[in-house]
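fold the stuff below for me.
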Amino acid sequence: MPGRAPADQAKVRTSEVYSSLRAAIMYGDLPPDSRLNIEAIGRSFGVSQTPIREALQRLEGDNLVVNTGRGYSTTPLLDVQGLRSLFEFRLLVEPWASRTVAIDRLSNPGSQLLHEVEDFLKADDPDRDLRQDMVAHDSRFHELILKAAGNPVIGQAYAQTHCHLHIFRLYPKDIDSAATMNEHRRIAEAITNADPESAENAMAEHLKSSFKRFTRAFDANADPTTLGQTHRPSLRLLA
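Okay, the predicted model is just below:
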């Protein structure tokens with residue numbers, strides 16, 4: 001739980017409490033599957049229970065906390081099956097979106113995606129939090145593609161998974177971003193070149209490779225080799 005000097009209750013906004021609690025959950029300062037003591041949190045922030053409860057309700061919407069009926073607890077980390085289900089959903093949506101946005105050379109987001117990749121690679125701050133910067137970049141990159149696809153129903157369904165929040169909690173502290181950035185560059189280049197098939201394939205391979213990388217967060221032996229095989233034909237129905 002983040003330490004914070006007591007402050008004037010009237011000056012502390014719910015959004016500030018929310019942001020601090022969210023960061024504490026994401027970085028494990030508030031461990032997964034742990035009961036939250038609202039009174040203790042209020043004392044830590046120097047505020048009443050009202051902004052704490054409002055912040056917890058927002059975190060519940062992010063699927064980072066759950067109301068147990070007796071209070072709030074942080075949600076557990078995704079297990080292997082939960083991770084697989086999330087990536088199966090992404091394999092249905094994101095390769096289709098990549099194909100869709102690559103069709104129109106004049107309006108596709110390829111240049112924005114390439115800029116996003118280059119900006120991340122050019123960042124030269126010795127104090128940067130690579131883990132946090134990586135998930136922020138990853139979120140922007142994938143959301144650019146989904147937004148450009150122009151289907152609000154799919155966009156909303158994707159947003160409701162809060163996938164980047166949950167995946168971030170599985171990121172290793174010694175994360176190596178090289179593989180992800182190379183895969184993102186291939187996707188961006190295919191979209192820029194208005195090559196729908198290559199864009200679709202590059203995104204599918206990226207998601208499968210990401211799944212393999214994230215299974216390393218588990219002690220159990222996970223078999224990522226069949227990811228996407230069951231649902232792959234459905235992609236053609238969407239394309």
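
so where is this protein shaky, pLDDT-wise?
Applying pLDDT under 70 to the chain flags the ranges 1-12, 172-175, 219-239.

for stretch 153-168, buried residues please.
By 16 or more other C-beta atoms under 10 Å, the buried positions in stretch 153-168 come out as Ile154, Gly155, Tyr158, Thr161, Cys163, Leu165, His166, Ile167, Phe168. (Each C-beta comes from the backbone N, C-alpha and C, glycine too.)

one more: stretch 20-35?
Buried residues in stretch 20-35 (16+ other C-beta under 10 Å): Ser20, Leu21, Arg22, Ala24, Ile25, Met26, Leu30.

list the contacts of stretch 121-140.
When contacts are defined by C-beta atoms under 8 Å, 6 or more residues apart in numbering, stretch 121-140 is touched by residues Glu116, Phe120, His164, Ile167, Phe168, Tyr171, Lys173, Ile175, Ser177, Thr180, Met181.

ok, those vs Ser73, which is closest?
Phe168 (19.0 Å; C-beta to C-beta).

my guess is that closest one contacts Met26, does it?
Yes: using C-beta atoms under 8 Å, Phe168 is in contact with Met26, at 5.7 Å.

so which residues of this protein form strands?
35-36, 65-67, 72-74 (DSSP state E).

partner strands of the shortest one, with direction?
In this case it means strand 35-36. Note on strand 35-36: by DSSP bridges, its sheet partners are strand 72-74 (antiparallel).

which ones among the buried residues of stretch 20-35 map onto helices?
For those, the ones inside helices are Ser20, Leu21, Arg22, Ala24, Ile25, Met26, with DSSP state H as the criterion.

so the fourth one touches Leu30, yeah?
This points to Ala24. Yes: with contact defined as C-beta under 8 Å, Ala24 counts as touching Leu30 (4.5 Å).

how is this structure divided into domains?
9-74, 80-238 (automatic domain parsing).

can you redo the buried residues of stretch 153-168 as TSV with distance to Ile191?
TSV is the format used below for the buried residues of stretch 153-168 (distance: C-beta to C-beta, whole Å):
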residue	distance to Ile191
Ile154	17
Gly155	17
Tyr158	18
Thr161	22
Cys163	20
Leu165	25
His166	26
Ile167	22
Phe168	25
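
helices - which of those land there?
Mapping the buried residues of stretch 153-168 onto helices (DSSP H) picks out Ile154, Gly155, Tyr158, Thr161, Cys163, Leu165, His166, Ile167, Phe168.

show the backbone phi and psi for His162.
Here the main-chain torsion angles of His162 (degrees, to the nearest 10) amount to phi 50, psi 40.

quick check: of the buried residues of stretch 20-35, which lies closest to Leu56?
Nearest member of the buried residues of stretch 20-35 to Leu56, counting by C-beta to C-beta, is Leu21, at 7.4 Å.

ok, that closest one - contacts?
Contacts of Leu21 by C-beta under 8 Å, 6+ apart are Leu30, Ile41, Ala55, Leu56, Leu59.
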